[in-house]
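*Asks:* From the sequence below, what's the structure:
(chains A, B, C and D)
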There are 2 protein chains.
Amino acid sequence: MATIKDVAGAAGVSVATVSRVLNDNGYVHEETRTRVIAAMEKLNYYPNEVARSLYKRESRLIGLLLPDITNPFFPQLARGAEDELNREGYRLIFGNSDEELTKEREYLQTFKQNHVAGIIAATNYPDLEEYSGINHPVVFLDRTHEGAPSVTSDGYTGGKLAAEAIIHGKSRRITLLRGPVHLPTAQDRFHGALEVLKHAEVDFQVIETASFSFKDAQSMAKKLFATYPETDGVIASNDIQAAAVLHEALRRGKNVPDDIQMIGYDDIPQSELLFPPLSTIKQPAYDMGKEAAKLLLRIIKKQPLTETAIQMPVTYIRRKTTRKEDHDA
Amino acid sequence: MATIKDVAGAAGVSVATVSRVLNDNGYVHEETRTRVIAAMEKLNYYPNEVARSLYKRESRLIGLLLPDITNPFFPQLARGAEDELNREGYRLIFGNSDEELTKEREYLQTFKQNHVAGIIAATNYPDLEEYSGINHPVVFLDRTHEGAPSVTSDGYTGGKLAAEAIIHGKSRRITLLRGPVHLPTAQDRFHGALEVLKHAEVDFQVIETASFSFKDAQSMAKKLFATYPETDGVIASNDIQAAAVLHEALRRGKNVPDDIQMIGYDDIPQSELLFPPLSTIKQPAYDMGKEAAKLLLRIIKKQPLTETAIQMPVTYIRRKTTRKEDHDA
DNA sequence: TTGAAAGCGGTACCAC
DNA sequence: GTGGTACCGCTTTCAA
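*Replies:* Numbers count the residues shown, from 1 in each chain, chains lettered A, B, ... in the order given. Coordinates of the predicted model:
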């Protein structure tokens, strides 16, 4: 691996000059520049990022903290962030926290130790002192924290849209699944849906659900139909849950959406693979990742910020598990 | 951020001594050690990884190159690798190549510039000179390259298992989907299945498929049923494809698996969410990632290698799109 | 058992 | 325009 010294030697100049052409700052004679560039190419030189980071006290690395990349909602977020960051030459150090405090702390620690330029955190612990006491820019993703920069989507409206879709499709005995109580995102959509149901002329009941895992959702679905066999509409807390409910409904020989409607939340890529394809509320995951990256980049470059808490719109995706909107309703 | 100098000052020793207790090498008096440790704690000191990497010419970072984290097969691989690497204190720099040469080169470049300790590459271009001319350890994942270290799964056997499952379930007019010709993994399973079909007393035909995308798979599925309406068994090249075929079959009012069987490949997490749950050949993705990490770690530590091209077993997962094996067959 | 000092590969200030 | 050099924070000889 050639170093800046090798290049300087080959070009017959000092390292300072090489550094100048490298960073394109300061004066350097056109002819010298040519010689230096030739030397760089001949030696196949590229600068050592580690040395750079040491001096600058800042690397071209961004820390990305996710709960679990294995959860189908997150790859999109990651992709969106990565694509945007790459355009500016930043790379990702990436970690899954599993929502465990210890892991989260460990990752934050290594992010700092590697002098990341910034952090994007989809965390459940935004109030950790590690965040407040940090001197790296942080953007929260899919979570908010007081005045801190963040990118989220409008869960309350999303919940309302979901409930409205089910009601317009004329379900009259609706089951609303409340997601994990400790997840603000789940509670936002829950409250949005609740609000609509309360003011509609329908029967409805709420089922508490502890987790988003498919396994738990499966047993929950069984219980749902056992307890409320007359349910003709289900508002799920996310798409995985909706899939489990869909499963159980089909297994029981129900016709979807004629006998029972259901709607998910998130619009993970798999939702359209289900049969029938799942109606759902789409969070623009890829764009959320992208926006978070953009926001972070602006903060890193100390550009003026117009808005610091970005909320993205959600949309109702009607596929085949809800009935056509009935305008006479 | 406290530096080693601050600690040295606070403990009344030189930086050399602090370094010694930090790395637990060389002689240091028990009492001195205690003093130094106390100082580190008081100052909340943790070493600057960048400075370390510069001197050592090696960081605690591992480059992970994936085609696309958004493809549901890869998050598992990533997770497996990460979990294993973490146990040894390594972190991941992570990039999606989209199977584009340029992106792949760019990532490899930054991996080197950041002095990664090693690279795990799920690449389609293992013969790139960037790999042969590299002085970082590389483990290929889901791909092989001559004698290079790699972790794959046994695709040929997988293909055979898939075909056998369909045949044992008594399909007699089988359609075999050939995956993208440029993907060795897809061709392995294809040839395995082909081998079995050739020696069985069944009718079968092959359909070429250009990509793994759901959209392409959808139109392919329509064509399949239009061209071969009498097909009573489909061997897909992966689960996404199988999902598309399943969709189309159900849309046409076919009963699965009574009228037609189908089997996928990979066992992505979503396959059991389908209705009916998809029978498939499982690649142990998480374990493959884990093995790749283990292998890489061994290479990094210059430990003796027993095997350098690890092939993991695949298994037939019978769910509801294949019929019970018929032992009279 | 400890410290001084030379690097690791860059950047940027200051002189010339 | 260009070069000399101190410095980023750490590790590792070498000498004491």
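
*Asks:* Who's the closest spatial neighbour of residue A:319, skipping the chain neighbours?
*Replies:* Spatial nearest neighbour of residue A:319, excluding adjacent residues (Cβ to Cβ, 6 or more residues apart in numbering or on different chains): residue A:277 at 3.9 Å. Bear in mind the C-beta positions are built from the backbone N, C-alpha and C, glycine included.

*Asks:* Give me the distance from the lowest-mean-pLDDT helix or strand in chain A to the chain's centre.
*Replies:* Least confident helix or strand, chain A: helix A:129-132 with a mean of 89, by mean pLDDT, DSSP states H and E. Computed by Cα atoms, centre = their mean, to the nearest Å, the chain-centroid distance of helix A:129-132 equals 20 Å.

*Asks:* Next secondary structure after it?
*Replies:* Later in the chain than helix A:129-132, the nearest helix or strand by DSSP states H and E is strand A:138-141.

*Asks:* How about that following strand and chain B, touching?
*Replies:* No. Using Cβ under 8 Å from any Cβ of the partner chain, strand A:138-141 stays clear of chain B, with a minimum separation of 15.5 Å.

*Asks:* elements contacting that strand?
*Replies:* Packing partners of strand A:138-141 (3 or more Cβ pairs under 8 Å, 6 or more residues apart in numbering or on different chains; DSSP states H and E): strand A:118-121, strand A:150-153, helix A:285-300.

*Asks:* any idea of the mean pLDDT for it?
*Replies:* For strand A:138-141, mean pLDDT rounds to 97.

*Asks:* That strand pairs with which strands, and in what direction?
*Replies:* strand A:118-121 (parallel), strand A:150-153 (parallel) (DSSP bridges).

*Asks:* highest average neighbour count across those strands?
*Replies:* strand A:118-121 (a mean of 26; mean count of other Cβ atoms under 10 Å in any protein chain shown).

*Asks:* Does residue A:316 belong to a helix, a strand or coil?
*Replies:* strand (DSSP: H, G, I helix; E, B strand; the rest coil).

*Asks:* now residue A:176
*Replies:* Applying three-state DSSP: residue A:176 is strand.

*Asks:* and it, how many residues sit next to it?
*Replies:* Residue A:176 has 22 neighbours, counted by other Cβ atoms under 10 Å in any protein chain shown.

*Asks:* about what we covered before: adding mean pLDDT, write the helices and strands packed on strand A:138-141 out as JSON lines.
*Replies:* Converted to JSON lines, the helices and strands packed on strand A:138-141 look like this (pLDDT from 0 to 100):
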{"stretch": "strand A:118-121", "mean pLDDT": "98"}
{"stretch": "strand A:150-153", "mean pLDDT": "97"}
{"stretch": "helix A:285-300", "mean pLDDT": "97"}
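
*Asks:* Out of these, the one nearest residue B:28 is which?
*Replies:* strand A:118-121 (35.1 Å; Cβ to Cβ).

*Asks:* related to what we said a few turns ago, who touches the residue nearest to residue A:319 in this structure?
*Replies:* Applying Cβ atoms under 8 Å, 6 or more residues apart in numbering or on different chains to residue A:277 gives the contacts A:271, A:319, A:320, A:321.

*Asks:* secondary structure class for it?
*Replies:* From three-state DSSP, the assignment for residue A:277 is coil.

*Asks:* For it, give me phi and psi.
*Replies:* Note on residue A:277: its backbone torsions stand at phi -50, psi 140 [degrees, to the nearest 10].

*Asks:* Residue A:164 now?
*Replies:* phi -60, psi -40.

*Asks:* what do you get for residue A:4?
*Replies:* Per degrees, to the nearest 10, the backbone of residue A:4 is at phi -60, psi -30.

*Asks:* Pretty sure it sits against residue A:17.
*Replies:* No. Residue A:4 is beyond contact range of residue A:17, at 9.9 Å (criterion: Cβ atoms under 8 Å).

*Asks:* okay, the two: which has more neighbours?
*Replies:* residue A:17 (22 against 19).

*Asks:* Wasn't the more buried one part of a strand?
*Replies:* No. Using three-state DSSP, the assignment for residue A:17 is helix, not a strand.

*Asks:* Next up, the contacts around it.
*Replies:* Applying Cβ under 8 Å, 6+ apart, the residues contacting residue A:17 are A:8, A:11, A:28, A:32, A:36.

*Asks:* Same check on residue A:60?
*Replies:* With Cβ under 8 Å, 6+ apart, residue A:60 has these contacts: A:49, A:53, A:89, A:90, A:91, A:117, B:110.

*Asks:* For those, which single residue is the most surrounded?
*Replies:* Of all these, residue A:91 has the most neighbours under the rule other Cβ under 10 Å, reaching 26 neighbours.

*Asks:* From residue B:311, how far out is it?
*Replies:* 31 Å (Cβ to Cβ, to the nearest Å).

*Asks:* next one: residue A:90
*Replies:* Using Cβ to Cβ, residue A:90 is found at 36 Å from residue B:311.

*Asks:* and what of residue A:197?
*Replies:* Distance, residue A:197 to residue B:311, using Cβ to Cβ: 54 Å.

*Asks:* quick one, which of these two is more surrounded?
*Replies:* It is residue A:197, of residue A:197 and residue B:311, that has more neighbours when counted by other Cβ under 10 Å, with 23 against 17.

*Asks:* Do a quick rundown of the helices in chain A.
*Replies:* Assigned by DSSP state H, chain A shows helices spanning A:4-11, A:15-23, A:30-43, A:49-56, A:74-87, A:101-113, A:129-132, A:155-168, A:184-198, A:214-227, A:239-251, A:285-300.

*Asks:* could those helices go into a markdown table alongside distance to residue B:163?
*Replies:* Shown next, in a markdown table, are those (distance: least, Cβ to Cβ, whole Å):
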| stretch | distance to residue B:163 |
| --- | --- |
| helix A:4-11 | 57 |
| helix A:15-23 | 58 |
| helix A:30-43 | 53 |
| helix A:49-56 | 49 |
| helix A:74-87 | 31 |
| helix A:101-113 | 43 |
| helix A:129-132 | 53 |
| helix A:155-168 | 43 |
| helix A:184-198 | 44 |
| helix A:214-227 | 29 |
| helix A:239-251 | 28 |
| helix A:285-300 | 37 |
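
*Asks:* Please tabulate those in JSON lines, including the columns distance to DNA strand D.
*Replies:* Shown next, in JSON lines, are the helices of chain A (distance: least, Cβ to the nearest atom of the strand, whole Å):
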{"stretch": "helix A:4-11", "distance to DNA strand D": "7"}
{"stretch": "helix A:15-23", "distance to DNA strand D": "3"}
{"stretch": "helix A:30-43", "distance to DNA strand D": "4"}
{"stretch": "helix A:49-56", "distance to DNA strand D": "3"}
{"stretch": "helix A:74-87", "distance to DNA strand D": "24"}
{"stretch": "helix A:101-113", "distance to DNA strand D": "8"}
{"stretch": "helix A:129-132", "distance to DNA strand D": "18"}
{"stretch": "helix A:155-168", "distance to DNA strand D": "42"}
{"stretch": "helix A:184-198", "distance to DNA strand D": "37"}
{"stretch": "helix A:214-227", "distance to DNA strand D": "44"}
{"stretch": "helix A:239-251", "distance to DNA strand D": "44"}
{"stretch": "helix A:285-300", "distance to DNA strand D": "19"}
